[in-house]
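Peer 1: give me a model of this one.
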Amino acid sequence: ISVVAIERALVLKLCDGSSYLGKVLILGADGYTPQVIREARIHHGASVHLVGILANAEDVGQRVAGVEVVGTLEELNDTVRRLEINTILVSLSHHHRRFPLDELVELKLAGIEVLDAGAFYEGVSHKVLIEKLDPTSVLRPEAYRMSRLRWFFKDVNEKFLALVGLMLAAIPLAAIMLLF
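Peer 2: Predicted coordinates:
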């Protein structure tokens with residue numbers, strides 16, 4: 001835990017207290033967007049700068065988990081330029097009728113970080129976002145199969161790490177035994 005605290009302090013110090021994600025814009029206001037916002041605040045604290053959300057026209061002006069819907073999906077390019085956005089979290093289904101794929105590709109090529117909100121959530125919280133989970137992927141057994149070679153390396157790695165852990169735990173115990 002202390003290593004994580006030191007890493008976070010160094011990153012924030014290097015970034016002058018600002019978020020290394022920069023100014024963050026979220027696409028989509030329904031579904032798992034509130035959970036993504038909560039986890040971003042928990043794991044990035046006050047350093048995350050959630051500028052706003054782009055969603056459907058009827059949602060403009062509303063707030064989702066304390067973040068205002070500042071415009072519509074059609075205003076993506078203008079909003080990114082006007083608010084000087086560094087990171088976009090896509091919290092829309094890829095099958096959304098107005099999914100701005102062309103604009104997102106252009107923005108990514110222009111240097112804007114474009115992240116899937118579900119992957120971001122899972123990365124910062126180390127939890128699986130059930131709402132984003134594809135039910136058919138759970139049913140496919142090939143996702144759970146490992147080759148014999150991979151199984152062997154996994155087994156050797158686990159045993160090696162267990163041995164290292166035991167040796168590290170034995171050092172302080174041996175020192176205590178020698179003192180008494």
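
Peer 1: show me what the strand or helix carrying Leu168 is packed up against.
Peer 2: Taking DSSP states H and E as the definition, one finds Leu168 inside helix 148-179. Contact analysis of helix 148-179 by 3 or more C-beta pairs under 8 Å, 6 or more residues apart in numbering; DSSP states H and E lists no helix or strand as a packing neighbour. The C-beta positions use only the backbone N, C-alpha and C, and glycine is treated the same way.

Peer 1: quick one: mean pLDDT for stretch 107-114?
Peer 2: Per-residue pLDDT values across stretch 107-114 average out to 89.

Peer 1: how many residues are close by Thr87?
Peer 2: Here the count is done by other C-beta atoms under 10 Å, and Thr87 has 21 residues near it.

Peer 1: beta partners of it?
Peer 2: According to DSSP bridges, Val24, Glu113 are recorded as the beta-bridge partners of Thr87.

Peer 1: isn't it up against Lys23?
Peer 2: Yes. Thr87 lies in contact with Lys23 (C-beta atoms under 8 Å); the separation is 7.2 Å.

Peer 1: how about the nearest residue to the residue positioned nearest the centre of the chain, chain neighbours excluded?
Peer 2: Here the mean C-alpha position of the chain is nearest to the C-alpha of Phe120 (C-alpha atoms, centre = their mean), at a distance of 1.9 Å. If you skip the residues right next to it in sequence, Phe120 has Leu89 as its closest partner in space, 5.7 Å away by C-beta to C-beta, 6 or more residues apart in numbering.
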